[in-house]
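Engineer: let me see the structure of the following:
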Amino acid sequence: MTLSTWLGLLVICCLGAMSPGPSLAMVVRHTLGGGRLHGIVCAWAHSIGIGVYALVTLLGLAAILKASPVIFNTIAVTGAIYLAWMGMQALRSKGGMQQKLASGQPTSLWIAARDGIAISLFNPKILLFFLALFSQFVLAAQTAIGQGLIVFTPLIVDGLWYTIIAFLLSHSAVLPKLRNQAKLIDRLSGVVLILLAMRVIYTLL
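Structural biologist: Sure thing, here's the model as predicted:
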């Protein structure tokens, strides 16, 4: 893989990571609820899911899944149901995450990691993103180093971007203001996740 090809890959990865969506909402929610560490754990768990999709694309499995409607639709529907469930949990959150913390209810790094990887693995849009845009780079990666770049570039870019988000949001000047809007953020997160689930189902019809 040439330097120019890798730079093209890097740009696409940056643009994909920076686009707002349910992944951002999830990192914001866990940063708000548990602080910086929870946001970072959610961020890197999400990046692992991105790395899995990059590896799947590299191995050619993405094209196979796309060519097999039954398998692809099963994964998509399962993901949509899980996203909708997370959305309902957010909508039903009583009083927002700040109130949960104030009442002494513990927050879990495991839940932050689970939600982070789930929001990437159960989003078929990400699979299609890799399938559509990464084919050219997979063909250019004929060496082990090139193949490693295909997998680790999107993983690291995604993890670093959402880590930056977690650091910014957990700043002492920002976090208290966000926590004052915890209920609203919970509701918005829930709406985003449910809309994504509905969109997934709609595209399958």
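Engineer: so what secondary structure elements neighbour the lengthiest helix in the chain?
Structural biologist: Once the chain is assigned using DSSP state H, the helix that runs over the most residues is helix 144-169. Under the contact criterion of 3 or more C-beta pairs under 8 Å, 6 or more residues apart in numbering; DSSP states H and E, helix 144-169 touches helix 3-18, helix 22-34, helix 36-58, helix 135-140. For the C-beta atoms, the positions are set from N, CA and C on the backbone; glycine is no exception.
Engineer: how about those helices, which one is nearest Phe122?
Structural biologist: helix 36-58 (8.5 Å; C-beta to C-beta).
Engineer: need the helix or strand of the protein with the lowest average pLDDT.
Structural biologist: Using mean pLDDT, DSSP states H and E, the weakest-scoring helix or strand in the chain turns out to be helix 96-102, at a mean of 49.
Engineer: got the angle between the helix or strand following it and helix 22-34?
Structural biologist: Toward the C-terminal end, the helix or strand that comes next after helix 96-102 (DSSP states H and E) is helix 109-121. On the basis of axes from the mean of the first three to the mean of the last three C-alpha atoms, to 10 degrees, helix 109-121 is oriented at 170 degrees to helix 22-34.
Engineer: chain center to helix 109-121, what's the gap?
Structural biologist: For helix 109-121, the gap between its own C-alpha mean and the chain's C-alpha mean amounts to 8 Å (C-alpha atoms, centre = their mean, to the nearest Å).
Engineer: and stretch 161-177, by the same measure?
Structural biologist: 17 Å.
Engineer: let the chain start at 389 from now.
Structural biologist: In the new numbering, first residue 389, that becomes stretch 549-565.
Engineer: what helix or strand is the nearest residue to Leu581 once chain neighbours are set aside on?
Structural biologist: Distances taken as C-beta to C-beta, 6 or more residues apart in numbering put Gly475 closest to Leu581, at 3.3 Å, once the chain neighbours are dropped. According to DSSP H and E, Gly475 maps onto helix 457-479.
Engineer: buried ones in that helix?
Structural biologist: Across helix 457-479, burial judged by 16 or more other C-beta atoms under 10 Å covers Phe460, Ala464, Gly467, Ala468, Tyr470, Leu471, Ala472, Met474, Gly475, Ala478.
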